[in-house]
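*Asks:* show me the folded form of this:
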Amino acid sequence: MKDGSLVSGLIPIFAPQNTCANMAYLVTIKNTKSCLLILVVLFSGISLLAQQDRLHLFEVPDSLNKTRFWVLNSGIAASYTGTMVALSTAWYADYPRDKFHFFNDYGEWLDIDKSGHFFSAYFESKWTKHLYQWTGMDDRKSAYMGAAGGMLFQGGIEILDGFSSEWGFSWWDIAFNAAGSGTFLGQELLWQEQRIHLKLSAHLPKYDTNPIQAFNSEATTTVKDRAAELYGTSPASVMLKEYNGLTLWASGNIHAFIQKEDSRFPKWLNIAFGYSAENVFSGFNNQWVDDDGNLFILDPEVYPRYRQFIIAPDVDFTRIPTKSRGLKIFFGLLNVIKIPSPAIEFNTRGKLRFYPLYF
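*Replies:* Just a heads-up that it's a prediction; the model follows:
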């Protein structure tokens, strides 16, 4: 598992010998660092330099403001360069380097990391578009700039992966990056709005504590300990990295597709389709070697790996009417999260399950 999950940065570094754990760690860390550094540096620069024009900070000009445009471009260039340098020196430097090479990781971690690429590229595209709108650029051009930004941010990380001997450049990652940015751009060009929002939800699974003996020694561990090693136990790591508890959603607004202004159907009501996985404790199969060389293999009959497809109602907070600028910003941030609700699961084991309340 390579870069491509969501955001965290709070989970401790695992031992270099444990390839699966390191991969799980970096999947989440790298996208987080890129997003956070970009936003912090960029908004700091914008807040200071934007004072040079005569507009309020959050006021959008009617036409392209060249001062804001070049301030924004300079901020993006600086933050992007700083992020790539920081990742190269702070994270990749701890792992062996190699000549640029490719790596086929399709199917690893049941593609939860690929969903992360899709999710990250979508949001980076969306945020970048809003930044260019702040310069006065029209909606269509700023949408193209947003999609380009999402591909740029994710692509830089993939280049670094290509020089890491433990991973490599993945065309599948690029494909899911493109799908995420394309999902954003396609909606902007087709509907001039986001009718389908990407969201996430998470819960902490209840793991088995029965001892599991190694195949090559008397050492033992538990599934709970393995999950804690891989995914962490803090609230932040559960929300942003717990592969067996994380669900990624495509949440579509029903009213937007009805397209009738006199419709009494609630404008805020969505229907969401989610993807998640179960019993994922290593990359391609549930076996791993710990720091002491002990080999653990989980019984696939007891811990079957499978994919889950979920349907549930949801809320589009951005369509809740309010005149408060603060509430609009809050609703926009809150719209990243899929609300808990009843749900129906279909899975690759051929089973159907109903949840009174799904997180």
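*Asks:* which parts of the helix or strand hosting Phe176 are buried?
*Replies:* Per DSSP states H and E, Phe176 falls inside helix 171-191. Residues 172-174, 176-185, 187-188 are the ones in helix 171-191 that count as buried (16 or more other C-beta atoms under 10 Å). C-betas here are computed from N, CA, C, even on glycine.
*Asks:* do the same with stretch 216-226
*Replies:* The neighbour-count check on stretch 216-226 (16+ other C-beta under 10 Å) flags Ala219, Thr221, Val223, Arg226 as buried.
*Asks:* can you list the neighbours in contact with that stretch?
*Replies:* For stretch 216-226, the surrounding residues in contact (C-beta atoms under 8 Å, 6 or more residues apart in numbering) are 207-214, 281, 288, 290, 292-296, 298, 303.
*Asks:* can you flag the buried ones in those residues?
*Replies:* In those, the ones that pass as buried (16+ other C-beta under 10 Å) are Ile212, Ala214, Phe281, Trp288, Asp290, Asn294, Phe296, Leu298.
*Asks:* show me the contacts for Gly168.
*Replies:* Gly168 makes contact with His101, Phe102, Phe103, Asp161, Gly162 under the criterion C-beta under 8 Å, 6+ apart.
*Asks:* OK, contacts around the residue lying closest to Asn285 once chain neighbours are set aside?
*Replies:* Leaving aside its chain neighbours, Asn285 sits nearest to Arg305 (7.7 Å; criterion: C-beta to C-beta, 6 or more residues apart in numbering). If you count contacts by C-beta under 8 Å, 6+ apart, Arg305 has them with Leu110, Ala277, Glu278, Asn279, Val280, Asn285, Asn286.
*Asks:* quick one: which two of those residues are the most distant?
*Replies:* Largest separation among the contacts of Arg305 by C-beta to C-beta: Glu278 and Asn285, giving 14.4 Å.
*Asks:* the buried residues of stretch 216-226 in strands, which ones?
*Replies:* Among the buried residues of stretch 216-226, the residues falling in strands (DSSP state E) are Thr221.
*Asks:* for the buried residues of stretch 216-226, work out which two are farthest apart.
*Replies:* Within those, two members stand farthest from each other by C-beta to C-beta: Ala219 and Val223, at 14.8 Å.
*Asks:* touching, Phe359 and Ala202? I think so.
*Replies:* Yes - Phe359 lies in contact with Ala202 (C-beta atoms under 8 Å); the separation is 6.8 Å.
*Asks:* list the contacts for the nearest residue to Pro340 once chain neighbours are set aside?
*Replies:* Computed as C-beta to C-beta, 6+ apart, the closest residue to Pro340 that is not its neighbour in sequence is Phe359, at 5.0 Å. Each residue near Phe359 by C-beta under 8 Å, 6+ apart is listed here: Ser201, Ala202, His203, Pro340.
*Asks:* with distance to Ser74 added, can I get these in a markdown table?
*Replies:* Shown next, in a markdown table, are the contacts of Phe359 (distance: C-beta to C-beta, whole Å):
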| residue | distance to Ser74 |
| --- | --- |
| Ser201 | 37 |
| Ala202 | 36 |
| His203 | 42 |
| Pro340 | 42 |
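*Asks:* point out where the stretch 151-300 of the chain drops to low pLDDT.
*Replies:* For the stretch 151-300 of the chain, no stretch is flagged by pLDDT under 70.
*Asks:* in it, which spans are strands?
*Replies:* Using DSSP state E, counting those that start in this stretch, the strands assigned to the stretch 151-300 of the chain run over residues 196-202, 212-213, 220-221, 246-253, 269-278, 287-289, 295-297.
*Asks:* can you tell me how far the residue of the chain most remote from its centre sits from Asp291?
*Replies:* Centroid-distance maximum for the chain: Glu218 at 38.8 Å, with C-alpha atoms, centre = their mean. Distance, Glu218 to Asp291, using C-beta to C-beta, to the nearest Å: 16 Å.
*Asks:* what does Asp139 give?
*Replies:* Distance from Asp139 to Asp291, by C-beta to C-beta: 53 Å.
*Asks:* so how far is Phe103 from the closest residue to Glu278 other than its chain neighbours?
*Replies:* For Glu278, ignoring the flanking residues on the chain, the nearest one in space by C-beta to C-beta, 6+ apart is Tyr306 at 5.5 Å. Note on Tyr306: its distance to Phe103, by C-beta to C-beta, is 25 Å.
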